[in-house]
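In: Sharing a sequence plus its predicted fold:
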Amino acid sequence: MLAALHGRILNASQLGTALALDSKTVAGYCDYLEGAFLIRRLQPYHANIHKRIVKSSKVFWRDSGLLNYLLGTHDMEELFSQPWVGHAWEGFVIRMCHYCYNCGKSVNCGAWKTLDLLKDSINA
């Protein structure tokens with residue numbers, strides 16, 4: 001079920017309702033998967049640091065092969081015909097960017113829904 005949320009905002013309460021589990025249990029499972037380096041929760045980017053704490057994160061599977069297996073995709077034609085192919089591509093790009101820019105140091109990555117960051121950088 002978590003594979004279907006790849007590249008989308010994680011709402012533990014809704015996921016818990018769908019799985020008949022408590023949201024704290026879902027959050028615990030997500031913590032475990034993140035600790036096992038199977039998923040990455042990408043925190044939202046806001047210029048205001050306090051807003052980052054309140055907003056929900058996006059969830060990405062780190063291994064695109066595992067993601068495709070869990071979603072039942074077996075070949076490239078089938079992959080490109082899926083409505084979530086954009087989310088799969090986004091996860092791959094995030095993984096590659098994080099890998100390339102990491103270089104042994106801590107990297108803070110974030111996701112944003114609007115072009116506020118772009119607007120701020122243009123107006124500066």
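Out: Yes, it's here.
In: Strand partners (parallel or antiparallel) of the helix or strand residue 59 falls within?
Out: Taking DSSP states H and E as the definition, residue 59 sits inside strand 58-61. Strands adjacent to strand 58-61 in the sheet, as given by DSSP bridges, are strand 8-9 (antiparallel), strand 39-42 (antiparallel).
In: Give me the buried positions along it.
Out: 58, 59, 60, 61 (16 or more other CB atoms under 10 Å). Every C-beta, even on glycine, is put in place using the N, C-alpha and C of the backbone.
In: Find the nearest non-adjacent residue to the second one, please.
Out: For residue 59, the nearest residue in space outside its immediate sequence neighbours is residue 10; the separation is 4.3 Å by CB to CB, 6 or more residues apart in numbering.
In: who's in contact with the one you found?
Out: 30, 41, 56, 57, 58, 59 (CB atoms under 8 Å, 6 or more residues apart in numbering).
In: Next, format those as JSON lines and append pLDDT and distance to residue 24.
Out: Formatted as JSON lines, these follow (pLDDT from 0 to 100; distance: CB to CB, whole Å):
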{"residue": "30", "pLDDT": "91", "distance to residue 24": "11"}
{"residue": "41", "pLDDT": "87", "distance to residue 24": "16"}
{"residue": "56", "pLDDT": "78", "distance to residue 24": "15"}
{"residue": "57", "pLDDT": "83", "distance to residue 24": "16"}
{"residue": "58", "pLDDT": "86", "distance to residue 24": "20"}
{"residue": "59", "pLDDT": "88", "distance to residue 24": "17"}
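In: No more questions from me, cheers.
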